[in-house]
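> Could you work out the structure for the sequence below:
(one chain, ligands or ions: 2)
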Amino acid sequence: VDPYMRSFSKTHMKEGDVMIGGQVAKVIQSKNPAFPVGSHVVSNSGWRTHTLSDGTGLTPILPEWPKDVSLSLALGAIGMPGLTAVYGIEDVLGLKEGETLLVNAAAGAVGSVVGQIAKIKGCKVVGSAGSDAKVAYLKELGFDEVFNYKTVGSLEEALRKASPEGYDCFFENVGGPSSDVVLQQMKNFGRIAVCGSISTYNDSQPQTGPYPYFTMIFKELKMEGFLQSRWEHKHPETLKRLLAWVKEGKLQCREHVTKGFDNMPAAFMGMLQGENMGKAVVAV
Ligand SMILES: NC(=O)C1=CN([C@@H]2O[C@H](COP(=O)(O)OP(=O)(O)OC[C@H]3O[C@@H](n4cnc5c(N)ncnc54)[C@H](OP(=O)(O)O)[C@@H]3O)[C@@H](O)[C@H]2O)C=CC1
Ligand SMILES: CCCCC/C=C\CC(=O)/C=C/C=C/C=C/[C@@H](O)CCCC(=O)O
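Numbering: from 1, shown residues only. Ligands and ions are numbered 1, 2, ... in the order given. I've put the predicted structure just below:
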């Protein structure tokens, strides 16, 4: 279950449609030699227990996938959320060694990978998350400064305390009014990767400004929205790098597992309400 399902379902679906989504699936019958019986694939077939496919939209699991690494990570750190983290950091932000990066929804599927990759690249990492347990988890992952945005009182003070000199890069997952507060604390020529805006996915009104134009102008900020699919041509190579980091112990992955297909709606709503640490998945 992923946040984009909420925004997509509002704009592209009607009642009775099958919810979109990715799954790791096992091939149980096949007339296609590219997908032998017993092999595993990542499939964009939505919320289904079984799928009849001509092979379109199926990606075989990397052949070098080790037996002791859970296949479900192909939906998380070694899948779409992990790819999002890499492209946001490398292709959008161009994060450089020694810079300071802020990421929100930091204990989630994308955010937890963002912070760890930024540490691999030699940066100072500040993360915000919605519970004290998440804050403790992010410290375990090596984040330099972490705070619980629900209890800090003043977001502005928390950001200033975590990095008095400001922020070079902001990996934005949350959106809404908190973004304006962050923008005020960007360094001059700061870069912002707009990955998601989960705090707005339930809004019934279309999004409008105004945006803090003066801050953007006088700090000369650069802000870029992106979808990970822009770099689809790089997915195989990037997945190999993510798998290597996991095998080397440089990238730790946690999953929030809900059991049972019938519990998919509950798992989805729980993720939107912040119940997950790491990637929210459902085991069927
Ligand atoms: N651009 C792209 O290509 C992609 C974008 N995304 C985006 O990345 C973001 C993270 O996705 P993902 O890692 O899968 O999800 P997460 O695993 O981070 O789960 C969602 C988390 O969002 C946080 N959250 C929910 N509501 C709010 C709120 N109102 N304010 C602040 N935080 C909130 C909760 O954590 P907490 O307890 O900390 O509040 C929750 O656990 C989303 O915005 C998603 O849409 C994801 C994939 C691809
Ligand atoms: C299609 C997304 C429309 C809503 C956009 C809102 C926010 C940004 C966001 O969250 C985008 C996510 C994009 C996800 C795309 C996923 C597909 O490629 C399917 C992935 C299947 C998998 O590998 O897990």
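> residues contacting the residue in the stretch 101-250 of the chain positioned nearest to ligand 2?
Residue nearest to ligand 2 within the stretch 101-250 of the chain: Gly196 (4.7 Å; Cβ to the nearest ligand atom). Where you see a C-beta, it was placed from the backbone N, CA and C, and this is true even at glycine. Taking Cβ atoms under 8 Å, 6 or more residues apart in numbering, we find Gly196 in contact with 3-4, 105, 110, 172-175.
> one more time with 6 Å, if that's ok
Gly196 makes contacts with Asn173, as judged by Cβ atoms under 6 Å, 6 or more residues apart in numbering.
> from here on, count from 122
Sure, I'll start counting at 122 from here, so that last one is Gly317.
> Against ligand 1, how distant is it?
2 Å (Cβ to the nearest ligand atom, to the nearest Å).
> per-residue pLDDT, that residue?
Note on Gly317: pLDDT of 98.
> and it, that's in a helix?
No. Using DSSP: H, G, I helix; E, B strand; the rest coil, the secondary structure at Gly317 is coil, not a helix.
> tell me the phi and psi of it?
Here the main-chain torsion angles of Gly317 (degrees, to the nearest 10) amount to phi -160, psi 170.
> which non-adjacent residue is nearest Gly203?
In space, and not counting its chain neighbours, Gly203 is closest to Leu363: 4.6 Å by Cβ to Cβ, 6 or more residues apart in numbering.
> Count the neighbours of that neighbour for me.
By other Cβ atoms under 10 Å, 24 other residues sit near Leu363.
> With the one 4 residues further on instead?
Counted by other Cβ under 10 Å, the residues lying close to Val367 total 18.
> One more: the one 3 residues further on?
For Gly370, the neighbour count with other Cβ under 10 Å is 7.
> List phi and psi for it.
phi 80, psi 10.
> and what of the one 5 residues further on?
With angles defined as degrees, to the nearest 10, Arg375 sits at phi -120, psi 150.
> Can you give me the pLDDT of it?
On pLDDT, Arg375 comes in at 97.
> what's the neighbour count on the residue nearest to it when sequence neighbours are not counted?
In space, and not counting its chain neighbours, Arg375 is closest to Gly399: 3.2 Å by Cβ to Cβ, 6+ apart. By other Cβ under 10 Å, the residues close to Gly399 number 24.
> Thank you kindly, that will do.
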